[in-house]
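Q: Here is my input, please return the structure:
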Amino acid sequence: MNPVILTPVYRYFEPEYLDSCEKIGVAKLRQRGSACIHEARDLLVYQAIQAGFDILLFIDSDIAFEPADVDKVLKMCDETKGVVVGTYCSKAPPHAPIGFVVKDGIYAGMGFTAIHKEALLKIILGLDLSPLLKVSESWPNTKCLRWFQYLQSNTFHM
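A: Next comes the predicted model:
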C-alpha cells in the first residue's frame, strides 16, 4: 500500500486540519490557489498517479480527523480496491454528517474519501475519459485529467 493524502484548498488550511496531518505518517500533496476545487482535485489526481501512489485519500482542508480513521479508510480501500467514503460532519450547526441517501443510491462529499488506483482506472476507462487529459486552466503548462469536472456534471454508477 502506497497512499497519499490529497488536499485542494483555495486560500488556507484550517489549524485543525494541519494538527491532524502532523499526527500521521502518510505522504501529502496539496494544491492551493484555485476557487475551482474540482480542477485542483484533477491536478492532484494526475500528480499522485504520476508519482506512483496507489491509494488517493482526499481530505478537505477544513476538517479535523483522527489517525485511526485514516488507517481504517486506507485499509478498507486497499482490501476492496474500490472507493471508501469516511463520514465527517459539516462545520456549521447542526453539524450534520455530509452524505445522504436518495432513491438511486448513496451520495457523499469528497472531504474524506479514498480511491484506489484500480477503481480510478476503471472509472477513467469505463467512461472513456482519456480524451479529457488537458492542460490545466489555472496552472499553465501543467497536465491534469479532468475527471472531477466530468463527474460534477454527469451521474454514473460503478
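
Q: Only C-alpha atoms from now on, for both contacts and neighbour counts.
A: Noted.

Q: give me the low-pLDDT residue ranges for this structure?
A: For the chain, the stretches with pLDDT under 70 are 33-35, 90-107, 127-158.

Q: What ranges does it have for its helices?
A: Per DSSP state H, the chain carries helices over the ranges 15-22, 37-50, 67-80, 117-126, 147-153.

Q: Need the winner for burial among these.
A: The highest mean neighbour count among the helices of the chain, using mean count of other CA atoms under 10 Å, belongs to helix 37-50: a mean of 20.

Q: follow-up on the earlier one: would you tell me which of the helices of the chain gets closest to Lys28?
A: Nearest to Lys28 among these is helix 15-22; the distance by CA to CA comes to 8.7 Å.

Q: list the contacts for Glu16?
A: Asp62, Ile63, Ala64 (CA atoms under 8 Å, 6 or more residues apart in numbering).

Q: Counting neighbours, which of the residues you listed comes out on top?
A: Ranked by neighbour count (other CA atoms under 10 Å), the contacts of Glu16 have Ile63 at the top, with 19 neighbours.

Q: Quick check: phi and psi at that residue.
A: phi -120, psi 150 (degrees, to the nearest 10).

Q: so what's it up against?
A: Applying CA under 8 Å, 6+ apart, the residues contacting Ile63 are Glu14, Glu16, Tyr17, Tyr88, Lys91.

Q: among those residues, which two are most distant?
A: Glu14 and Tyr88 (15.2 Å).

Q: between those two, who's got more neighbours?
A: Legend: neighbour count by other CA under 10 Å for Glu14 and Tyr88, higher for Tyr88 (19 against 14).

Q: how close does that one get to Glu118?
A: Tyr88 sits 25 Å away from Glu118, going by CA to CA, to the nearest Å.

Q: ditto for Thr87
A: 22 Å.

Q: quick one, what contacts the residue nearest to Asp19 when sequence neighbours are not counted?
A: By the measure of CA to CA, 6 or more residues apart in numbering, the closest residue to Asp19 outside its immediate chain neighbours is Ala64, 7.7 Å from it. The contact partners of Ala64, by CA under 8 Å, 6+ apart, come to Glu16, Tyr17, Asp19, Ser20.
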